[in-house]
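1. Next comes the sequence, and after it the predicted model I'd like to discuss.
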Amino acid sequence: MLVLEFMAVIISATYGFLLAARAKMDFIGSFTVASLAAFGGGTLRDIFLDLHPLFWIGKPHYPLSVFALCIILPFLTRLLPRIKPILIYPDALGMALFTTVGTAISLEAQPSAFIAVLLGTITGTFGGVLADVVCNEIPSLFTPTPFCATCAFTGSWLYILGDHLQWHQTALASATILTIVVFRILSVHLNWKFPPIRDPG
Amino acid sequence: MLVLEFMAVIISATYGFLLAARAKMDFIGSFTVASLAAFGGGTLRDIFLDLHPLFWIGKPHYPLSVFALCIILPFLTRLLPRIKPILIYPDALGMALFTTVGTAISLEAQPSAFIAVLLGTITGTFGGVLADVVCNEIPSLFTPTPFCATCAFTGSWLYILGDHLQWHQTALASATILTIVVFRILSVHLNWKFPPIRDPG
Amino acid sequence: MLVLEFMAVIISATYGFLLAARAKMDFIGSFTVASLAAFGGGTLRDIFLDLHPLFWIGKPHYPLSVFALCIILPFLTRLLPRIKPILIYPDALGMALFTTVGTAISLEAQPSAFIAVLLGTITGTFGGVLADVVCNEIPSLFTPTPFCATCAFTGSWLYILGDHLQWHQTALASATILTIVVFRILSVHLNWKFPPIRDPG
């Protein structure tokens, strides 16, 4: 779980950094957005569940790594020809990893499966929503765009089911992550979405 | 108090759902906005006062009810001819119920009456402000619009006064709720508001 | 430290009030923005570090003072000829005071110097960012504007260094505050800033 969490932090921070670069922010802005993307969802989960120290305060190498990443990435990104078509992959993977870790932690901290799924989904999606808001992108949770929170929600229920059936933890985590990533990428490419609610006015 | 709180959750969630429907969101968007309206204020109060588990984590049927509500409401709203003129009533009632419950809980958790009134007002108004912000309405707290937080603030002081005079709890809660609802609806219909601060520049 | 904190609250609340007055808000709006500016950063720090009661809940005269300030200031500001050129001074001083207090508190609550600097910087800058966002100013953290968080960050490291070398607390606090204020005011007047990140797209 620790390895997954560290991977999710690095991948989400990279996603935040790329968003900030596209919005032409400076170093402070990129570190802020990268931190929001990497720590936003997990911080909300830890605060809601009263888990202290928060996961990034108890592991100071997490924010330190994000700080270093924001110093190194400006040099590496010159290698990337285009950003936009690539953003979907770290976004999907970061969401899948955080949802899985978040569901597992929430299930340990309290007994309700529905609450665990909600907090898993929040852990997976809230960081990205925060980063989007700050960079003035329309957050994809709030308009009929391809499934995003729905992928996290579905994957999270799969985790709960597998946990209930006592699947092996590694297999269960892998299945959950794979499901979310594939579901998310298919949703974007095939434009799967909910219809808007019919306005009764 | 528990009955009041559950009513406030359902009414505020309905308010959030109607806002989301008007903004043409999808299911995920409507569930998010309904949850923000129903749980936003109380979550802030519980976190500020370090009350755990948060009221909706300790009572998982609250978010479950909001989830069910967002599935059922799209069918029911077809019966409603117009939304805008009706929104004011669930808004006012939800605010009154949450302010009363929030003041009562805050008064138990710490000794200062002023802090209890502030947290009661936050419990009553913050969910609505959050839902407004997400739906791109201008939050009514921040421009000279009809009294909103002022109604919650006044009702909250009435509760403190009655509690100090040891009124019967049911009578006190009813009087507080009625005061806030009537004050709020009169404010909207008669357009009672503060003047803007004279800009000294 | 207590005297510094109270000064920081009053100065930041004044900054928030002046912002709200410029945005033509009413009394409720000005009290909300003043409170966000005065309590936003410290509240986030206390919640992140699980320090309870929150600094303004444990000291109810803080919000009471801000409340009184928002009643008194509309009369006093008629004396001020222009607001915009003056805003920078309470802003810089409030940031310096909060950063110093926030770093000191965070260093006591947990062992990592890097986390203490991050939380000191958040304590110093987050209230101002919140107030800016609510008043629809572009928050200065997120575009290449003169150094702001960078000043808090630098001052916070100075505090950590001095604390490590066991400087006398009063001297250390004064040096930190002076450094941040001078660095911030110079940054604004000489327009010191980071370049934007080169967009690799």
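-> Alright, I've got the coordinates.
2. Pull up the gap between residue A:151 and residue A:98, please.
-> Distance of residue A:151 to residue A:98, computed by Cβ to Cβ, to the nearest Å: 12 Å. Glycine gets a C-beta too; all of them are placed from N, C-alpha and C.
3. Helix or strand next in line after the longest helix belonging to chain A, which one?
-> The single longest helix within chain A, with elements called by DSSP state H, is helix A:84-109. Sequence-wise, the next helix or strand downstream of helix A:84-109 (DSSP states H and E) is helix A:113-134.
4. follow-up on the earlier one: pLDDT of the longest helix of chain A, averaged?
-> Averaged over helix A:84-109, pLDDT sits at 86.
5. tell me which strands and helices it is in contact with?
-> Counting contacts by 3 or more Cβ pairs under 8 Å, 6 or more residues apart in numbering or on different chains; DSSP states H and E, helix A:84-109 packs against helix A:2-22, helix A:27-48, helix A:113-134, helix A:149-164, helix A:169-190.
6. My guess is residue A:57 contacts residue C:110. True?
-> Yes: using Cβ atoms under 8 Å, residue A:57 is in contact with residue C:110, at 6.1 Å.
7. Just tell me which of the helices and strands packed on helix A:84-109 ends up closest to residue C:4.
-> Closest approach to residue C:4 among those (Cβ to Cβ): helix A:27-48, 24.7 Å.
8. got a list of contacts for the following helix or strand past the closest one?
-> Once the chain leaves helix A:27-48, the next helix or strand it forms, by DSSP H and E, is helix A:55-58. Contact with helix A:55-58 is made by A:5, A:9, A:38-39, A:42-43, A:46, A:62-63, C:48-49, C:110, C:112, C:115, as judged by Cβ atoms under 8 Å, 6 or more residues apart in numbering or on different chains.
9. let's see 6 Å
-> The contact list for helix A:55-58 (Cβ atoms under 6 Å, 6 or more residues apart in numbering or on different chains) reads A:39, A:42, A:46, A:62-63, C:115.
10. re earlier: so residue A:57 and residue C:110 - more neighbours on which side?
-> Ranked by neighbour count (other Cβ atoms under 10 Å in any protein chain shown), residue A:57 and residue C:110 place residue A:57 first, with 23 against 18.
11. Can you list the low-confidence ranges for chain A?
-> Scanning chain A for pLDDT under 70 picks out the ranges A:1, A:77-87, A:136-145, A:199-201.
12. ok, now which ones touch the residue nearest in space to the middle of chain A?
-> Geometric centre of chain A, nearest residue: residue A:95, 3.0 Å, by Cα atoms, centre = their mean. By Cβ under 6 Å, 6+ apart, the residues touching residue A:95 are A:124, A:152.
13. now it: how far from chain B?
-> To chain B, residue A:95 is 14 Å away according to Cβ to the nearest Cβ, to the nearest Å.
14. For stretch A:180-199, report the contacting residues that lie outside it.
-> Contacts of stretch A:180-199 (Cβ under 6 Å, 6+ apart): A:88, A:92-93, A:96, A:99, A:144, A:146-147, A:151, A:155, B:21-22, B:24, B:26-27, B:30, B:74.
15. And residue A:168, its phi and psi?
-> Note on residue A:168: its backbone torsions stand at phi -70, psi 140 [degrees, to the nearest 10].
16. For it, give its distance to chain B.
-> 28 Å.
17. Next: residue A:38.
-> 21 Å.
18. To what extent is the nearest residue to residue A:28 once chain neighbours are set aside buried, counted in neighbours?
-> With Cβ to Cβ, 6 or more residues apart in numbering or on different chains as the criterion, residue A:28 has its nearest non-adjacent residue at 4.9 Å, and that residue is residue C:149. By other Cβ under 10 Å, the residues close to residue C:149 number 24.
19. is it true that residue A:34 touches residue A:12?
-> No: using Cβ atoms under 6 Å, residue A:34 makes no contact with residue A:12, being 7.9 Å away.
20. Distance of residue A:13 relative to residue B:18?
-> Residue A:13 is 38 Å from residue B:18, by Cβ to Cβ.
21. With residue A:178 instead?
-> 38 Å.
22. same check, this time on residue A:110
-> Residue A:110 is 31 Å from residue B:18, where distance means Cβ to Cβ.
23. Over to residue A:51?
-> Distance, residue A:51 to residue B:18, by Cβ to Cβ: 35 Å.
24. Looking only at neighbour counts, state which of those two leads.
-> residue B:18 (29 against 17).
25. Tabulate the helices and strands packed on helix A:84-109 in a markdown table, adding columns for distance to residue C:187.
-> Shown next, in a markdown table, are these (distance: least, Cβ to Cβ, whole Å):
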| stretch | distance to residue C:187 |
| --- | --- |
| helix A:2-22 | 21 |
| helix A:27-48 | 12 |
| helix A:113-134 | 22 |
| helix A:149-164 | 40 |
| helix A:169-190 | 41 |
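26. Can you tell me the closest non-neighbouring residue to residue A:24?
-> Residue A:24 sits nearest to residue C:196 (Cβ to Cβ, 6+ apart), 4.3 Å away.
27. The one you found: what secondary structure?
-> Recorded secondary structure, residue C:196: coil (DSSP: H, G, I helix; E, B strand; the rest coil).
28. For it, give me the backbone phi and psi.
-> Main-chain dihedrals, residue C:196, degrees, to the nearest 10: phi -70, psi 150.
29. tally of neighbours for it?
-> By other Cβ under 10 Å, 17 other residues sit near residue C:196.
30. quick one on the thing from earlier: buried subset of the contacts of stretch A:180-199?
-> Buried subset of these (neighbour count, 16 or more other Cβ atoms under 10 Å in any protein chain shown): A:92-93, A:96, A:99, A:144, A:146-147, A:151, A:155, B:21-22, B:26-27, B:30, B:74.
31. What is the most widely separated pair among the residues you listed?
-> Farthest-apart pair in the buried ones among the contacts of stretch A:180-199 is A:93 and B:22; separation 35.1 Å (Cβ to Cβ).
32. where does the residue nearest to the centre of chain A sit relative to residue A:119, distance-wise?
-> Residue A:95 sits 14 Å away from residue A:119, going by Cβ to Cβ.
33. just residue A:14 next, same as before
-> 24 Å.
34. Look at the two and report which has more neighbours.
-> residue A:119 (28 against 23).
35. hang on, the more buried one packs against residue A:46?
-> No: using Cβ under 6 Å, residue A:119 is not in contact with residue A:46, being 9.8 Å away.
36. Quickly list what's touching both of these two.
-> Common neighbours of residue A:119 and residue A:46, using Cβ under 6 Å, 6+ apart, do not exist here.
37. contacting residues around residue A:66?
-> A:13, A:34-35, A:38.
38. Check residue A:153 too.
-> residue A:121.
39. if you set the cut-off to 7 Å instead, what comes out?
-> Shown in contact with residue A:153 (Cβ atoms under 7 Å, 6 or more residues apart in numbering or on different chains): A:117, A:121.
40. What would whichever strand or helix holds residue A:70 look like as PDB? C-alpha coordinates only.
-> Secondary structure assignment for residue A:70, by DSSP H and E: helix A:61-76. In PDB, the C-alpha atoms belonging to helix A:61-76 read as follows (Å, rounded to 0.1, in the frame of the first residue of the first chain):
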ATOM      1  CA  HIS A  61       9.400  13.000   2.200                       C
ATOM      2  CA  TYR A  62       6.100  13.100   0.300                       C
ATOM      3  CA  PRO A  63       6.000  17.000   0.100                       C
ATOM      4  CA  LEU A  64       9.800  17.000  -0.200                       C
ATOM      5  CA  SER A  65       9.600  14.800  -3.300                       C
ATOM      6  CA  VAL A  66       6.900  17.000  -4.800                       C
ATOM      7  CA  PHE A  67       9.100  20.000  -4.200                       C
ATOM      8  CA  ALA A  68      12.000  18.300  -5.900                       C
ATOM      9  CA  LEU A  69       9.800  17.200  -8.700                       C
ATOM     10  CA  CYS A  70       8.700  20.800  -9.400                       C
ATOM     11  CA  ILE A  71      12.400  21.800  -9.600                       C
ATOM     12  CA  ILE A  72      13.300  18.900 -11.900                       C
ATOM     13  CA  LEU A  73      10.300  18.700 -14.200                       C
ATOM     14  CA  PRO A  74      10.700  22.100 -16.000                       C
ATOM     15  CA  PHE A  75      13.900  20.600 -17.600                       C
ATOM     16  CA  LEU A  76      12.300  17.200 -18.400                       C
END
